[in-house]
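This is a predicted model, with the sequence first.
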Amino acid sequence: MSKATPIAAEVDQQIEQFLDRLWLNQGVSQNTLSAYQSDLRHVERFLAGQRRQHLLAAAVADIEAFMLWRRQQGFSPRSTSRAMSALKKFYQFARKSGWIDYDPTQNLQRPKQPQQIPKTLTEAEVEALLDSPNLADPVQHRDRAMLEVLYATGLRVTELVQLQFNQVNFSQELLKVVGKGNKERLVPLGEEALNSLQSYLKEARPELFSGSSDFIFITRRGGPLTRQAFWHRIKYYAQQADIRSALSPHTLRHAFATHLLNHGADLRVLQMLLGHSDVSTTQIYTHVARERLQQLHASHHPRG
């Protein structure tokens, strides 16, 4: 037992070095870093239970046993795929750093994920959601502007709450967004969202906070909202609008993508607007649009 403590501490340091390198070289988000750290600690605990001392002592059979255990425990294919990604990247880094001679994950395949069609809202439900905030209340005025911008641009919630003034070109109605992997993209804002944003900045924001802040959407203390706080706001307005559809923090992003496709947008253009590095990620929305078209056909065609 006395020998395990210094080994565990050393592995902890190696995991931190790995995460630091990911952040420095690849611009990996803090959310992903936290998930990878949790995954690696999970593997470490599993190996300890199998009487392996630490991550760097694992063999192929140990990693396969861990993946089998996850399936038996009912972990989703998505989270298991992420855990495999964390392991593969860690062992690649460990080998380059000279900590190990052999990567036990190099021939392992990631679990195949079932295609998940994202939940979305109808255009009528989006309109009801956007109309829910009371503009006489500065907090709800802010929320209305956030919802308008979110639906008009398809931003990720993290990108929205972190939006700053230097990212907005009011004259050209454009946002400069820094997304995953520190990749920049330009996104059109649109007239409705621009009007809502300018109304908030002129009328509501000074009531929320009179001091100086680089962030556009602020609390009464002048700082940005957290993702969790804004998510609670969305759920509140969904209740107000009597929206029964399942919601997620990305619901308006999904609605943005689906409604654009329904109105004839090009898939490559949508890929750029969403900031997807691979068009295959964007293609999931074609299934949503196709499903909606089939529903409309069945409901309205005389022989549907």
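Good, I have the coordinates. All of these numbers come straight from a predicted model, not from anything done at the bench.

Enumerate every residue touching Ala253.
For residue 253 the amino acid is Arg, not Ala. Contact analysis of Arg253 by C-beta atoms under 8 Å, 6 or more residues apart in numbering lists Leu150, Gly154, Leu155, Arg156, Val157, Leu274. All C-beta spots, glycine's among them, are computed from the backbone N, C-alpha and C.

Just confirm the last one contacts Gly154, I think it does.
Yes - look at Leu274 against Gly154 with C-beta atoms under 8 Å: they come within range, at 5.5 Å.

any shared contact partners between the two?
With contacts taken as C-beta under 8 Å, 6+ apart, the residues that reach both Leu274 and Gly154 are Arg253, Ala257.

so who does Pro133 touch?
Gln140, His141, Asp143, Arg144, Leu147, Tyr237.

In JSON lines, list those along with neighbour count and distance to Gln92.
Formatted as JSON lines, the contacts of Pro133 follow (neighbours: other C-beta atoms under 10 Å; distance: C-beta to C-beta, whole Å):
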{"residue": "Gln140", "neighbour count": "18", "distance to Gln92": "48"}
{"residue": "His141", "neighbour count": "21", "distance to Gln92": "49"}
{"residue": "Asp143", "neighbour count": "24", "distance to Gln92": "43"}
{"residue": "Arg144", "neighbour count": "24", "distance to Gln92": "46"}
{"residue": "Leu147", "neighbour count": "24", "distance to Gln92": "41"}
{"residue": "Tyr237", "neighbour count": "19", "distance to Gln92": "44"}
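
Just the C-alpha atoms of the longest helix along the chain, please, in PDB.
With DSSP state H applied, the helix covering the greatest number of residues in the chain is identified as helix 4-26. These are the backbone C-alpha positions of helix 4-26, laid out as PDB (Å, rounded to 0.1, in the frame of the first residue of the first chain):
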ATOM      1  CA  ALA A   4       1.000   2.800  -4.400                       C
ATOM      2  CA  THR A   5       0.800   6.400  -3.200                       C
ATOM      3  CA  PRO A   6       3.900   7.700  -5.000                       C
ATOM      4  CA  ILE A   7       3.000   5.800  -8.200                       C
ATOM      5  CA  ALA A   8      -0.500   7.200  -8.000                       C
ATOM      6  CA  ALA A   9       0.900  10.700  -7.500                       C
ATOM      7  CA  GLU A  10       3.200  10.300 -10.500                       C
ATOM      8  CA  VAL A  11       0.400   9.100 -12.700                       C
ATOM      9  CA  ASP A  12      -1.700  12.100 -11.600                       C
ATOM     10  CA  GLN A  13       1.100  14.400 -12.700                       C
ATOM     11  CA  GLN A  14       1.300  12.600 -16.100                       C
ATOM     12  CA  ILE A  15      -2.400  13.000 -16.600                       C
ATOM     13  CA  GLU A  16      -2.100  16.700 -15.800                       C
ATOM     14  CA  GLN A  17       0.800  17.000 -18.300                       C
ATOM     15  CA  PHE A  18      -1.300  15.300 -21.000                       C
ATOM     16  CA  LEU A  19      -4.300  17.600 -20.400                       C
ATOM     17  CA  ASP A  20      -2.100  20.700 -20.400                       C
ATOM     18  CA  ARG A  21      -0.600  19.600 -23.700                       C
ATOM     19  CA  LEU A  22      -4.100  19.100 -25.200                       C
ATOM     20  CA  TRP A  23      -5.100  22.600 -24.100                       C
ATOM     21  CA  LEU A  24      -1.900  24.300 -25.400                       C
ATOM     22  CA  ASN A  25      -1.600  22.500 -28.700                       C
ATOM     23  CA  GLN A  26      -5.200  21.700 -29.700                       C
END
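
Cool, thanks, signing off.
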